[in-house]
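**Q** here is my input; please provide its structure:
(2 chains)
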Amino acid sequence: GAVVSQHPSRVICKSGTSVKIECRSLDFQATTMFWYRQFPKQSLMLMATSNEGSKATYEQGVEKDKFLINHASLTLSTLTVTSAHPEDSSFYICSASWTAYSNQPQHFGDGTRLSIL
Amino acid sequence: AQSVTQPDIHITVSEGASLELRCNYSYGATPYLFWYVQSPGQGLQLLLKYFSGDTLVQGIKGFEAEFKRSQSSFNLRKPSVHWSDAAEYFCAVSGGGADGLTFGKGTHLIIQP
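**A** Okay, the predicted model is just below:
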């Protein structure tokens, strides 16, 4: 159980393009979804927290106009990297949690490797 | 602010030997603690978690971890490693519920034949 699907797994695109990444909870309702970024050989850094039906909460230093997050349903959150540039190249990973109970762990997708040329 | 320290960047262990990965955390209240494993280019798989109760927690794949409040530690152990355990291991802390995770920098585990 507790499967999180992330799509696409890999994206290569030109500078200036906007890229959308989807995160779906397949077998549970995710009241909260999280987006993390991981640079090569480094740890994961929380970018933002999204709750279904409300605006995302961004971590300090994360540009909300650059990284648009939508959590329109209990099973889907999307991250759109707008006007992507080479410095946005990274591994983006989502996670989902059923926060009806505080002791529910986060379940992670397999990540999206974004490469901006 | 909460933080997690994994002091060992790399650890090399012989197959069949025991393993201990260290994790120290800083958190102002009762922490929720996690260990995740990541294979190259993959997402994270939850190995085990501690929320409350018994301080020795059992996880998947034969892993266990012990919460020691006095030492602010949550070390991961396995009595006998297998070649398939080679991966990156992350310790993480949160306040639970809708809190995002704060990760350590990870420990890269290498298994020698």
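**Q** for the chain, give me the ranges with low pLDDT.
**A** Just so you know, I chose chain A. Residues of chain A that meet the criterion pLDDT under 70 lie in A:1-2, A:99-103.
**Q** meant chain B actually
**A** Applying pLDDT under 70 to chain B flags residues B:97.
**Q** all strands for it, in order.
**A** Shown for chain B, the strands assigned by DSSP state E span residues B:3-5, B:10-14, B:19-21, B:24-26, B:32-38, B:44-50, B:56-58, B:64-68, B:73-78, B:87-94, B:102-103, B:107-112.
**Q** may I see the buried residues of the second one?
**A** Buried residues in strand B:10-14, defined by neighbour count with 16 or more other CB atoms under 10 Å in any protein chain shown: residue B:13. C-betas here are computed from N, CA, C, even on glycine.
**Q** just the angle between it and strand B:107-112, please?
**A** 30 degrees (axes from the mean of the first three to the mean of the last three CA atoms, to 10 degrees).
**Q** enumerate the beta-bridge partners assigned to the residue lying closest to residue B:55 once chain neighbours are set aside.
**A** Using CB to CB, 6 or more residues apart in numbering or on different chains and skipping the chain neighbours, the partner closest in space to residue B:55 is residue B:67 (4.3 Å). Assessed by DSSP bridges, residue B:67 has beta-bridge partners residue B:74.
**Q** centroid-nearest residue for the chain?
**A** By default, I'm working from chain A. Against the mean C-alpha coordinate of chain A, by CA atoms, centre = their mean, the closest residue is residue A:35 at 3.4 Å.
**Q** ah, no, chain B please
**A** residue B:35 (3.5 Å).
**Q** who's in contact with that one?
**A** Residue B:35 makes contact with B:21, B:23, B:46-49, B:59, B:63, B:65, B:74, B:76, B:89-92, according to CB atoms under 8 Å, 6 or more residues apart in numbering or on different chains.
**Q** closest one to residue B:13 out of these, please.
**A** residue B:21 (9.9 Å; CB to CB).
**Q** near chain A, which residues of chain B?
**A** Taking CB under 8 Å from any CB of the partner chain as the contact definition, chain B meets chain A at B:32, B:34, B:36, B:41-46, B:49, B:51-52, B:90, B:96-106.
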